[in-house]
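**Q** whatever this is, show me its structure:
(chains A, B and C)
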Amino acid sequence: MAALGFRGVYDRLYRHYGPQGWWPARSPFEVMLGAVLTQNTAWSNVEKALAGLENAELTSAGAIVDAPHDDLAAAIRPAGYFNVKARRLKALCQAYLDRGGWAAMDRLETGTLREVLLRVHGVGRETADDIVLYAFNRPVFVVDAYTRRIFERLDLLEAGMGYEAVRARFEAALGPDAAVYNEYHALVVQLGKSVCRPRPLCEHCCLNPICPSARSRNAE
DNA sequence: GCCCAGGTGTTTC
DNA sequence: GAAACACATGGG
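**A** Have a look, this model is predicted:
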């Protein structure tokens, strides 16, 4: 049987898990906050941190920029790395204000928007792309640790590829489609959370619909 | 108690 | 540039 391609994996994941309806946030601005808070952190902890911001009435860029560091750090404590992330949130909110807020930023061309975000201290490629895709609905594919792990196993990516090379591979295979990128990344996270740990083999993974070891079983 | 989580920046070869 | 390290809480 032919190996699954990027589109085939997407179709199979979508059939298996259904639409994910990401990003879990009530506003584009909250997407931005969550994108920083979730860095190397489980989403359940991010939810607690977002609630902490609400309780502390730190829900606007202005309030976050003006808040004392210790207050902000205390509010987001459950998300971990709270000192680091407090600084990063302030930097992102400052840039957000400097750029005139969401509507003004939405007038930027996608590449420019991405560069603007990447210049913010604490916003790396994945965080920037989370924001560009999920807060601005632009067709930029988000690459995370799960993406590499899973697609290297599927022999659709080579080990050691850089972030931009992986992103380019997905975008070339799928064409520019923000709606597909939106679901795809969410589906990859869903799959990655349930199976496919780095070292252990595939016992679980073999039960799963796109596992390479299960390909013959799942041949279509 | 140990491992891991929807990374990023800094330091050091 | 690539590898090693710091940053920290909460759930399994």
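**Q** how is chain A carved up into domains?
**A** A:6-21+A:142-214, A:28-134 (automatic domain parsing).
**Q** lowest mean pLDDT across those, which one is that?
**A** Of all the domains of chain A, domain A:6-21+A:142-214 carries the lowest average pLDDT, namely a mean of 83.
**Q** what is the distance between that one and the centre of its chain?
**A** 13 Å (Cα atoms, centre = their mean, to the nearest Å).
**Q** next, the buried residues of stretch A:140-153.
**A** The neighbour-count check on stretch A:140-153 (16 or more other Cβ atoms under 10 Å) flags A:140-144, A:146-153 as buried. In this view, the C-beta of every residue, glycine as well, is placed from N, C-alpha and C.
**Q** let me fix that, I meant to ask about stretch A:94-106.
**A** Those would be A:94-96, A:102, A:105, for stretch A:94-106 by 16+ other Cβ under 10 Å.
**Q** which one among those residues gets closest to residue A:132?
**A** residue A:105 (9.9 Å; Cβ to Cβ).
**Q** skipping its backbone neighbours, what lies nearest the closest one in space?
**A** residue A:99 (5.1 Å; Cβ to Cβ, 6 or more residues apart in numbering).
**Q** tell me the most buried of the domains of chain A?
**A** Comparing the domains of chain A by mean neighbour count (mean count of other Cβ atoms under 10 Å), domain A:28-134 comes out on top with a mean of 18.
**Q** tell me if that domain is near DNA strand B.
**A** Yes - for domain A:28-134, a contact with DNA strand B is found by Cβ under 7 Å from any atom of the strand, at A:34-35, A:38-43, A:45, A:80-81, A:84, A:120-128, A:130, A:134.
**Q** export the domains of chain A to JSON lines and tack on distance to DNA strand C?
**A** Formatted as JSON lines, the domains of chain A follow (distance: least, Cβ to the nearest atom of the strand, whole Å):
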{"stretch": "domain A:6-21+A:142-214", "distance to DNA strand C": "6"}
{"stretch": "domain A:28-134", "distance to DNA strand C": "2"}
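**Q** so residue A:14 touches residue A:186, yeah?
**A** No - judged on Cβ atoms under 8 Å, residue A:14 makes no contact with residue A:186 at a distance of 10.1 Å.
**Q** picking that back up, restricted to strands, list the residues of domain A:28-134 next to DNA strand B.
**A** Using DSSP state E, no member of the residues of domain A:28-134 next to DNA strand B falls in strands.
**Q** what about the residue of chain A found nearest DNA strand B, distance to residue A:3?
**A** Per Cβ to the nearest atom of the strand, residue A:124 is where chain A lies closest to DNA strand B, at 2.4 Å. Applying Cβ to Cβ, to the nearest Å, the value for residue A:124 to residue A:3 is 31 Å.
**Q** from residue A:194, how far out is the residue nearest to the spatial centre of chain A?
**A** Against the mean C-alpha coordinate of chain A, by Cα atoms, centre = their mean, the closest residue is residue A:130 at 4.5 Å. For residue A:130, the distance to residue A:194 equals 21 Å [Cβ to Cβ].
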